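Peer 1: With the input below, show me the fold.
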Amino acid sequence: MKAWKIDRLGGKLEFVDAPMPELRAGSVLLQIQAQSVMSYLEAYLTGQLPAYRAPHNFIPGGNAIGTVFAAGADVWHLEPGQRVVMSSHLVSRENVDEPGQILIGVTSPGGVGDALQESWKDGTLAEYALVPAQCLTPVEGLDHVEPAQLVAVTRCVVPFGGLLRGRLCAGETLIVNGATGAYGSAAVLVALAMGAAKVVAAGRNTAALEALARAGGARVVPVTLRGNIAADSAALRAAAGVGAHLALDMVGNAKDTNATQAVLGALRRGGRLILMGSAAVPLPVNYLTMMFNNLEIIGNFMHPQNAYLPLLALVRSGLLDLAPIRPIVFPLSDLHGAMKSAAEAESLELVVITSGVRSQ
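Peer 2: You can find the predicted model right below:
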């Protein structure tokens, strides 16, 4: 098979002829149809993101739409020819308090995750990938959706995990901080599908916020942040009405937490703030404000293993329309072009790599 392989982050990246992975118990050989490209993939592969940990001599890439080519022993529900979506989030199966976890083909948080990563080191930037069965979810009733469009669910599932953790209920008001980013814009669409009465889309790019409001409809209220915590908090609270029930922070690599502090100040009593971004500095909080207003701050990484089941149900029902997320398609051989495009893509654009698998 053809695959992209790198000797180490920051090292030599090559498009090579690689051996087909060998099945093992609990695994599935996945024939890749399409995968989305992270906006920061080039920075990641060139070693510019020191927080990421990866093995040597591995195939990167962390999500995919594909079909089951073959299933190993101890796989009971997945069969050859079945269409599936792959999550890169792998959590070890032992019944322990803190099981190891990784993002296959992307990173390990350390500890047991490093050993788990060595066991499942290769990702999806290839024609085929060996995947733990627990990372795959069957895609039912969506045969009419092309792989390049369907792969948008791999973007949507990340904020969906945060909204589940934050207990978003139908009829509530939500603030999305970082709504002009890839995951933030997806969060707005997912929250509407989940029944949010109002979504306040917050960010610094007015044009992108207005485009998102057009895509989302009348329940989306854009608010341009100016960097002044008190003024931004007042604007967000006014847009939410009497304050928001829930806020989802999706800002990536923020150099300050002004926007997050403004969002926290726009919550109503009993409000919840979900942290899913990657601020590079600490978040200061006011102890008495938190206590008197019964506020919650909840950190969340990724999503539950079964999250794709309800998310795909939202797509099948028509509640979640993937069409506003526009695919820009590249072949597997043009990874460099895809990475450049992904770094420049607008929030409602999704760079997709299709594998073009040869017949066996």
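Peer 1: Near L116, how many other residues are there?
Peer 2: 20 (other CB atoms under 10 Å). Bear in mind the C-beta positions are built from the backbone N, C-alpha and C, glycine included.
Peer 1: That one - nearest residue in space that isn't next to it in sequence?
Peer 2: G100 (4.6 Å; CB to CB, 6 or more residues apart in numbering).
Peer 1: And what about the most centrally placed residue in the chain, helix, strand or coil?
Peer 2: The residue lying closest to the centre of the chain (CA atoms, centre = their mean) is V158, at 3.5 Å. Classification of V158 using DSSP: H, G, I helix; E, B strand; the rest coil returns helix.
Peer 1: For it, which non-adjacent residue is spatially closest?
Peer 2: Spatial nearest neighbour of V158, chain neighbours left out: Y183 (5.3 Å); criterion: CB to CB, 6+ apart.
Peer 1: what separates that neighbour from T67, distance-wise?
Peer 2: When distance is defined by CB to CB, to the nearest Å, Y183 is 26 Å away from T67.
Peer 1: Which one of these two is surrounded by more residues?
Peer 2: Y183 (24 against 16).
Peer 1: mind listing what H56 touches?
Peer 2: Going by CB atoms under 8 Å, 6 or more residues apart in numbering, H56 touches D7, R8.
Peer 1: ok, so what distance separates it from E42?
Peer 2: H56 is 19 Å from E42, by CB to CB.
Peer 1: Next: L168.
Peer 2: Taking CB to CB, one finds L168 at 33 Å from E42.
Peer 1: from memory the residue nearest to the centre of the chain sits against M302, does it?
Peer 2: Yes: applying CB atoms under 8 Å, one finds V158 in contact with M302, separated by 6.7 Å.
Peer 1: hang on, G66 in a strand?
Peer 2: Yes: counting by three-state DSSP, G66 falls inside a strand.
Peer 1: And for Q134, the neighbour number?
Peer 2: By other CB under 10 Å, the residues close to Q134 number 18.
Peer 1: now I353
Peer 2: A count of neighbours around I353, defined by other CB under 10 Å, yields 28.
Peer 1: Low-confidence bits of the stretch 251-360 of the chain, can you list those?
Peer 2: For the stretch 251-360 of the chain, residues meeting the criterion pLDDT under 70 lie at 356-360.
Peer 1: What are the boundaries of the helices in it?
Peer 2: Using DSSP state H, counting those that start in this stretch, the helices assigned to the stretch 251-360 of the chain run over residues 258-265, 287-292, 308-317, 335-344.
Peer 1: okay, those helices, which one's buried deepest?
Peer 2: Ranked by mean neighbour count, the helices of the stretch 251-360 of the chain are led by helix 258-265 with a mean of 23 (mean count of other CB atoms under 10 Å).
Peer 1: that older thread, ok now do the residue nearest to the centre of the chain, which residues does it touch?
Peer 2: Shown in contact with V158 (CB under 8 Å, 6+ apart): Y183, A186, M276, M302, H303.
Peer 1: give me that answer again for 10 Å
Peer 2: Counting by CB atoms under 10 Å, 6 or more residues apart in numbering, V158 touches 63, 87, 89, 182-183, 186-187, 190, 250, 276, 300-303, 307.
Peer 1: Where do the strands of the stretch 201-350 of the chain begin and end?
Peer 2: Counting by DSSP state E, counting those that start in this stretch, one finds strands in the stretch 201-350 of the chain at the ranges 220-224, 244-249, 267-275, 296-299, 326-331, 349-354.
Peer 1: L168 and E42: who's more crowded?
Peer 2: L168 (23 against 18).
Peer 1: Would you confirm that L246 contacts I274?
Peer 2: Yes: applying CB atoms under 10 Å, one finds L246 in contact with I274, separated by 7.2 Å.
Peer 1: Need the overlap of contacts for those two.
Peer 2: With CB under 10 Å, 6+ apart, L246 and I274 have common neighbours G162, L163, G166, R167, L168, L174, E296, I298.
Peer 1: For PyMOL, what selects the buried ones among those residues?
Peer 2: Under the burial definition 16 or more other CB atoms under 10 Å, those of these that qualify are selected in PyMOL by:
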select buried, resi 162+163+166+168+174
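Peer 1: mind listing which of the shared contacts of L246 and I274 are in helices?
Peer 2: Counting by DSSP state H, those place G162, L163 in helices.
Peer 1: In JSON lines: the shared contacts of L246 and I274, plus distance to V112.
Peer 2: As requested, those are arranged in JSON lines below (distance: CB to CB, whole Å):
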{"residue": "G162", "distance to V112": "24"}
{"residue": "L163", "distance to V112": "28"}
{"residue": "G166", "distance to V112": "27"}
{"residue": "R167", "distance to V112": "29"}
{"residue": "L168", "distance to V112": "31"}
{"residue": "L174", "distance to V112": "34"}
{"residue": "E296", "distance to V112": "29"}
{"residue": "I298", "distance to V112": "24"}
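Peer 1: Go through the shared contacts of L246 and I274 and say which is closest to G10.
Peer 2: Nearest to G10 among the shared contacts of L246 and I274: G162, at 30.3 Å, using CB to CB.
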